[in-house]
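3D, please:
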Amino acid sequence: MFTPARLFNVRISVVVALFMLVASALGQTSKIVYIGAALPLTGGLQSYGIGAKNAVELAVEDANKMCPNFEFKLLVEDTGTDPQQALQKLQTLYAKGARLIVGPMSSREVSALKSFADQNKILVFSPSSTSPLLAIPDDWVYRIVPTDLAQAMAIADLLKYLGVKRAVIIYRMDTWGVGLKNAIAKESERLGIHIVASAGYDPDPRAFPTAVPEAIRKLSAALGQPGPDVAIIFVTFEDDGIAAVQAAAQDPVLSKVRWIGTDGFAYSEAMIKQVGKEMAAGKMLGTVVAPDPNDPKYQQFKQAYKAKYGKDPVAYDPYSYDAAMMLAQIVCSIGTDDPVKVKETLEKWSKEGKYQGATGKVYLDAAGDRAYPNYVMWGVALEGGTPKYVDAAYYYGTERKVAVFDQGKPLFQ
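Numbers count the residues shown, from 1 in each chain. Okay, the predicted model is just below:
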């Protein structure tokens, strides 16, 4: 028989037990996991870096809604599109406790921090680095985009589709620029397109304002005469790309040939504002890896991004989102943010295509780079006298097929 005192004690015991259960549950949800973002918020890839930061921010918000056992916190550092600054910022993120990193964006930056990441077991997941020189198995660098070997195939097939027989290449003399230039030259020659000359330049902001026009003059002299079956390929970023376009537009030969761009300045706001009319005059067409625009998951991401930031995502925004979300889902699934275990699971999921997000199912190859890529072929056209970007065509990598959209047809004429 319970006396009032015993009944009171039982009640107290029950309350204490419930409190301990609640405290235990709260303890589980209070586990903090840092997602680092090492992105170029300034410098030559600034406009891309800001969009990528927005996408990662959105992914972290979504992850916190889906995973009650962890609280994901975003730590952002500006790499400045500078290799040494990228390394310093990775070290800063490491010191703050981040072991799972989205970024950097350029291959030059990734190269600079790779050794530190490998030595300290920091999982680096780049949304945009594409140099084939970084396709290294068993390291700690992963890339949710394909290497430029795939982009080179897309560009070569674009040149062939346009009927180009001769071409010249201006390129940045860095990891990304050299790798892509070599890949384009090799693939183009394989298709019977003669690369007449290539000219590189120092991408340092102190050097390229004079080095880029000099490279343009060399290419013009090597080409000699313009023609409908001649092209110049711009392997540049934004700031140096502006200088290259301005110089080419003023050149008597290169201003009269077909212009081909790459992912280094695809949909660049800076480019369209400063040299949009020049790009339209050159009927600029370029390539950038892209998800299927009709994929429901991409449409869902696009709507959420626009609702939050007031504009559509571009270029590498969906890849930045998926890089962050895939890491978060792995942590949530395996119950730990131990980078060794996250890395093991990333390898496993990437072989199975288990993660499916805004950019489709994510398969990675043996070097940790995106497999089975497709590309949007973007262009620049005038609308009411104002230059704008258009999605001109879609390129199916496995089939090597160019499918031209209606709005892109004038650029292919």
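
CA only for contacts and neighbour counts going forward, please
Fine.

tell me the SS of the closest residue to residue 389 other than its chain neighbours?
Once flanking residues are discounted, residue 389 sits nearest to residue 380: 4.7 Å by Cα to Cα, 6 or more residues apart in numbering. Classification of residue 380 by DSSP: H, G, I helix; E, B strand; the rest coil places it in strand.

who touches stretch 297-309?
Applying Cα atoms under 8 Å, 6 or more residues apart in numbering, the contact partners of stretch 297-309 are 54-55, 58, 291-293, 311-313, 318, 357-360.

in a markdown table: these, plus neighbour count and distance to residue 83.
Shown next, in a markdown table, are the contacts of stretch 297-309 (neighbours: other Cα atoms under 10 Å; distance: Cα to Cα, whole Å):
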| residue | neighbour count | distance to residue 83 |
| --- | --- | --- |
| 54 | 18 | 22 |
| 55 | 28 | 22 |
| 58 | 20 | 26 |
| 291 | 23 | 28 |
| 292 | 18 | 32 |
| 293 | 14 | 33 |
| 311 | 12 | 29 |
| 312 | 15 | 29 |
| 313 | 20 | 26 |
| 318 | 26 | 24 |
| 357 | 22 | 30 |
| 358 | 25 | 29 |
| 359 | 26 | 27 |
| 360 | 19 | 30 |
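
helices of the stretch 301-413 of the chain, start to end?
Under the criterion DSSP state H, counting those that start in this stretch, helices of the stretch 301-413 of the chain are mapped to 317-334, 339-352.

quick check: which of those is buried the most?
Highest mean neighbour count of these: helix 317-334, a mean of 24 (counted as mean count of other Cα atoms under 10 Å).

any idea of the mean pLDDT in that helix?
In this model, helix 317-334 has a mean pLDDT of 98.

need the contact partners of that helix.
Here helix 317-334 makes contact (Cα under 8 Å, 6+ apart) with 35, 48, 51-56, 58-60, 63, 67, 69-70, 72, 100, 102, 125-128, 144-145, 298, 301, 337, 342, 345-346, 355, 357-359.

I'd like to know which of those residues are buried.
Buried by 16 or more other Cα atoms under 10 Å: 35, 48, 51-56, 58-60, 63, 67, 69-70, 72, 100, 102, 125-128, 144-145, 298, 301, 337, 342, 345-346, 355, 357-359, out of the contacts of helix 317-334.

which of the residues you listed fall in helices?
Among the buried ones among the contacts of helix 317-334, the ones falling in helices (DSSP state H) are 48, 51-56, 58-60, 63, 298, 301, 342, 345-346.

okay, now the domains of the protein?
When the chain is parsed with automatic domain parsing, its domains come out as 31-145+316-361, 149-289+374-412.

span of the shortest one from start to end?
Spelled out, it's domain 31-145+316-361. End-to-end distance for domain 31-145+316-361: 29 Å, by Cα to Cα, to the nearest Å.

then the last one?
Taking Cα to Cα, domain 149-289+374-412 runs 24 Å from one end to the other.

distance between that domain and the chain's centre?
18 Å (Cα atoms, centre = their mean, to the nearest Å).

one more: the shortest one?
Distance, stretch centre to chain centre, for domain 31-145+316-361: 11 Å (Cα atoms, centre = their mean).

same check, this time on stretch 282-292
14 Å.

average model confidence for it?
Stretch 282-292 comes out with an average pLDDT of 94.

then stretch 112-122?
The model assigns stretch 112-122 a mean pLDDT of 98.

export the contacts of stretch 297-309 as CSV, with columns for distance to residue 402.
Shown next, in CSV, are the contacts of stretch 297-309 (distance: Cα to Cα, whole Å):
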residue, distance to residue 402
54, 31
55, 29
58, 32
291, 15
292, 14
293, 15
311, 28
312, 24
313, 23
318, 22
357, 24
358, 22
359, 19
360, 20
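
excluding chain neighbours, what is closest to residue 345?
residue 330 (6.9 Å).

quick one: the one you found from residue 55, how far?
18 Å.

please apply the same query to residue 334.
24 Å.

what's the host helix or strand of residue 75 packed up against?
In the assignment (DSSP states H and E), residue 75 maps to strand 71-78. With contacts taken as 3 or more Cα pairs under 8 Å, 6 or more residues apart in numbering; DSSP states H and E, strand 71-78 sits against strand 32-39, helix 46-66, helix 83-95.
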